[in-house]
Structures are given as structure tokens and as C-alpha cells.
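> coords please:
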Amino acid sequence: MCAVPSLPVSVVHFCQGFFVASLHTSTAKMVSEKCLAKGSAAPGPVPKDKIRIYSMRFCPFAQRARLVLAAKGINHETVNIHLKEKPEWFLAKNPLGLVPTLETPAGEIIYESPITCDYLDEVYAGKKLLPSSPYGKAQQKMMLEHFSKVVPLFYKIPMGRRNGDDVSGLETELKEKFGKLNEDLVKKKSKFFGGDSITMIDYMMWPWFERLVALRLENCMDGTPELKKWTELMWEDPAVKATMHSADAHRAFMESFAAGKPDYDYGL
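I've put the predicted structure just below:
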């Protein structure tokens, strides 16, 4: 979801303002690369051989689902949504108005980013991103729950800076969180958080690390060598490459959002 319910409204709006870049052309079709807003015509039925994702190009929560779609090579199409002027037809499908939202050819609607990702992994064949054992799945879900407590810091620190607040305490907290992630990799003696290959938890965490430079938070990773190695490996992943934006693009979008005029179609 492109919202953080536990945060103040201003932070939630900032989050809502946070890519569908071109995915593998063999498995993805862009119904509307530019976002659709209030008053737009609804797209037609979902083709029988595809699944549709309603997304926003700069939303880290939606990027989670796009990473899974790319990693598994799922035949899909993408419809981008204007999150400040949401189409009426989209709200009829998902009254919460959140992305990512999935729609099947049968008209079934699935939303909330972890739920959409689990659904895609369970329903579609190919590389399985979640562990096969119930305990392994539980471990990843527990880690995701812990990471959800880190996400607000990615928004609070930049917002505090813009407001002229002292954010040193928040930066220290984020460094401590990153330190614990680094310790986790050391204890596991693995390249990734689920082992020596990328699994679901890596994709669930990645979108915020992609934005570190744009958010000017890369210094918070000082003293975390294993976590830095993880980010270097993630940058080389085909799914990450297929769904990424540059730091400059992320920064430009964030600046447009901070100015009160989010450019959801930036770069198109």
C-alpha cells in the first residue's frame, strides 16, 4: 500500500508520493504509462492470459509487487493511478484507493503489498520466492513485521530536514536499525536475508534502499559492511534493474511532491 497508517497525515501523503519503469517486454504490457486520474475512462476487462496491476511509478509499496511480477516472469499489464485525483472507477474496485492493487481476468481484486506479493508467488508457477516450510514463511513474515517499524524513518528524516528540525536522533535510530540488519546477515552467513539467493523478504525491503541516495540517507549505512554488500548484489538483480529509477528521478519526483504538485508522470 502506498500509505503508512500509523504516521501523521503529512507523512502518509509524502509516502503516497513515492516507478513503473519498463519491465520485461515479453511479460509486461503498459495499458497506460501515464497515470489515469479522476474522469478518465476505465480500462477494459483484464485479458484472460494476464493479471493487471494498478500502480504508481514512484510508489515503493507498488514496486514490491512489480519486483515479484518481474522476478517470476508473470504475464501482466500495468495501469498507473493518479493518487491525488483517483479515478472513480478505481475507487469502485478498491475503496481504499491504495496501490498496488491486482485484478484478475475473473474480476477478483487483491490489495496490500505483502498480500499481493504472496498471492502472486502462490498462484503462479516458476521461481518460488517464499520458503516452502511453514516455519521459513513465518520467519520471513516476522522479519517483514520488524522492517515495517523501520519504514517510517525513511519519511520522518527528510521531512524533518525540510522543516528545519534536528533529525540527529532519528538518524541515530536508523543507523541502529541498519546495524541490526547487518548483524542478521552476519549471523546467517548468507548473501541475502533468506539465504544465498534472493527471496521474498529481500524484495519486500529493497524499494527503500533504492531510494537511500535520493533521500540523502546513505550515510546511515556507515559501519554496516554486510548490508552494503547486500545492496550491491541487489542492484545486479534482473528484477531490480527492470523496476528501478535513478536517484535523480526519485529526487525530482520527491521535490515535485514537496512543492505540492507531485509529477507522477515525471520523465515520460
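> as a check, name the ranges of all helices in the stretch 1-150 of the chain.
9-16, 60-72, 88-93, 113-123, 134-148 (DSSP state H, counting those that start in this stretch).
> most tightly surrounded among those?
helix 60-72 (a mean of 26; mean count of other CB atoms under 10 Å). Backbone N, C-alpha and C define where each C-beta goes, glycine included.
> quick one, that helix and helix 113-123 angle?
10 degrees (axes from the mean of the first three to the mean of the last three CA atoms, to 10 degrees).
> so for helix 60-72, mean pLDDT?
What helix 60-72 shows for mean pLDDT is 98.
> please apply the same query to stretch 93-112.
Here the average pLDDT along stretch 93-112 is 97.
> flag every buried residue along stretch 170-179.
By neighbour count on 16 or more other CB atoms under 10 Å, the buried set for stretch 170-179 is 170, 171, 173, 174, 175, 177, 178, 179.
> same check on stretch 96-107?
By 16+ other CB under 10 Å, the buried positions in stretch 96-107 come out as 97, 98, 99, 100, 101, 102, 103.
> pLDDT weak spots in the chain?
Within the chain, the stretches with pLDDT under 70 are 1-32.
> kindly list the longest helix within it.
Taking DSSP state H as the criterion, the chain has its longest helix at helix 168-188.
> quick one: contacts of it?
143, 149-150, 153-154, 156-157, 160, 191, 193, 195, 217, 219-227, 229-230 (CB atoms under 8 Å, 6 or more residues apart in numbering).
> let's have the helices of the stretch 1-150 of the chain in a markdown table, adding distance to residue 39.
Listed next are the helices of the stretch 1-150 of the chain as a markdown table, based on distance: least, CB to CB, whole Å:
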| stretch | distance to residue 39 |
| --- | --- |
| helix 9-16 | 20 |
| helix 60-72 | 22 |
| helix 88-93 | 8 |
| helix 113-123 | 26 |
| helix 134-148 | 35 |
